[in-house]
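**Q** only geometry, no sequence info:
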């Protein structure tokens with residue numbers, strides 16, 4: 001469990017690592033963004049623009065923004081903010097307990113949302129806690145979320161859920177910290193693919209909440225699970241060793 005508040009430099013490193021892991025795990029190819037709130041403030045850390053390939057985002061590429069969309073710290077030469085910054089800003093504005101936001105275009109979870117199907121908790125308690133409760137769907141707007149009013153509607157649709165489907169667009173995840181929220185995005189994708197495959201041959205049997213509650217409560221408490229330190233950060237340091245989409249059940 002994480003007990004101390006991370007420094008700004010540590011948070012920037014985590015934001016950068018999150019981007020690289022989203023690429024390595026196949027959740028993003030060239031587009032997507034992670035952010036982390038600076039604890040105790042209404043400012044957040046997010047990658048800058050022009051586009052930096054997800055696999056190459058470094059701490060020095062991270063800028064600080066406020067909830068009004070202003071860049072308040074970071075690179076200043078020929079850079080600006082990502083266009084969908086209102087997703088992040090409005091979730092942070094409306095949910096003070098949220099410490100991290102991620103937007104992806106991940107294939108399997110997005111497909112389930114487009115089809116109006118619920119991602120089920122079917123593969124292992126260490127993965128399926130992330131979909132112990134159904135993820136809501138935002139379907140009021142299928143355009144890019146570039147305005148604050150759109151961002152507010154996404155935040156409302158998200159509520160206290162792990163994530164929300166942006167219908168015909170992608171996914172948004174939010175949580176207490178970016179380590180856990182990154183793991184949520186990865187876990188949800190696992191469950192989405194296995195749900196889809198299981199539905200092709202029968203009616204998937206879900207894992208009861210009784211067996212998921214321990215992981216669920218730890219997540220709600222803002223714990224950083226062991227796989228972040230012992231597996232996902234290792235994957236980031238050894239990208240050639242990782243074969244995405246392979247399951248060990």
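**A** Sure thing, it's come through. Here the structure is a predicted model, which means the values were calculated and not measured.
**Q** How about the most centrally placed residue in the chain: which residues does it bridge to?
**A** The chain has residue 102 as the residue nearest its centroid, 3.5 Å off, counting by Cα atoms, centre = their mean. Beta-bridge pairing for residue 102 (DSSP bridges): residue 34, residue 173.
**Q** Now do residue 87 against residue 216, distance only.
**A** From residue 87 across to residue 216, the span is 24 Å (Cβ to Cβ, to the nearest Å). Heads up, the C-betas are built off the backbone N, CA and C, glycines and all.
**Q** Between those two, which is the more surrounded one?
**A** Applying other Cβ atoms under 10 Å to residue 87 and residue 216 shows that residue 87 carries more neighbours, namely 27 against 18.
**Q** so is the closest residue to the more buried one other than its chain neighbours in a helix, a strand, or just coil?
**A** Spatially, and ignoring its direct neighbours in sequence, residue 87 is nearest to residue 145 (4.9 Å; Cβ to Cβ, 6 or more residues apart in numbering). When classified by DSSP: H, G, I helix; E, B strand; the rest coil, residue 145 comes out as coil.
**Q** Can you read off the pLDDT for residue 145?
**A** Note on residue 145: pLDDT of 90.
**Q** How about the contacts made by it?
**A** Counting by Cβ atoms under 8 Å, 6 or more residues apart in numbering, residue 145 makes contact with 84, 86-87, 151, 154, 166, 169.
**Q** Assign a three-state SS to the closest residue to residue 51 other than its chain neighbours, would you?
**A** Closest residue in space to residue 51, ignoring its immediate chain neighbours: residue 30 at 7.1 Å, by Cβ to Cβ, 6+ apart. Three-state assignment for residue 30 (three-state DSSP): coil.
**Q** same deal with residue 72?
**A** Secondary structure assignment for residue 72 (three-state DSSP): strand.
**Q** Thought residue 81 was touching it, still the case?
**A** No: Residue 72 is not in contact with residue 81 according to Cβ atoms under 8 Å; the separation is 10.8 Å.
**Q** Comparing those two, which shows the higher neighbour count?
**A** Shown here are residue 72 and residue 81; by other Cβ under 10 Å, residue 81 has more neighbours (19 against 10).
**Q** Tell me which residues touch that one, please.
**A** Shown in contact with residue 81 (Cβ under 8 Å, 6+ apart): 46, 48-49, 63, 65, 69, 71.
**Q** if you set the cut-off to 7 Å instead, what comes out?
**A** Neighbouring residues of residue 81 by Cβ atoms under 7 Å, 6 or more residues apart in numbering: 49, 65, 69, 71.
**Q** Work out for me the element the second one sits within.
**A** Secondary structure from DSSP states H and E places residue 65 in strand 62-66.
**Q** before we move on, the earlier item: for the residue nearest to residue 87, grab phi and psi.
**A** Note on residue 145: backbone dihedrals following degrees, to the nearest 10 are phi -90, psi 90.
**Q** If anything else comes up later, I'll come back, but that's it for now.
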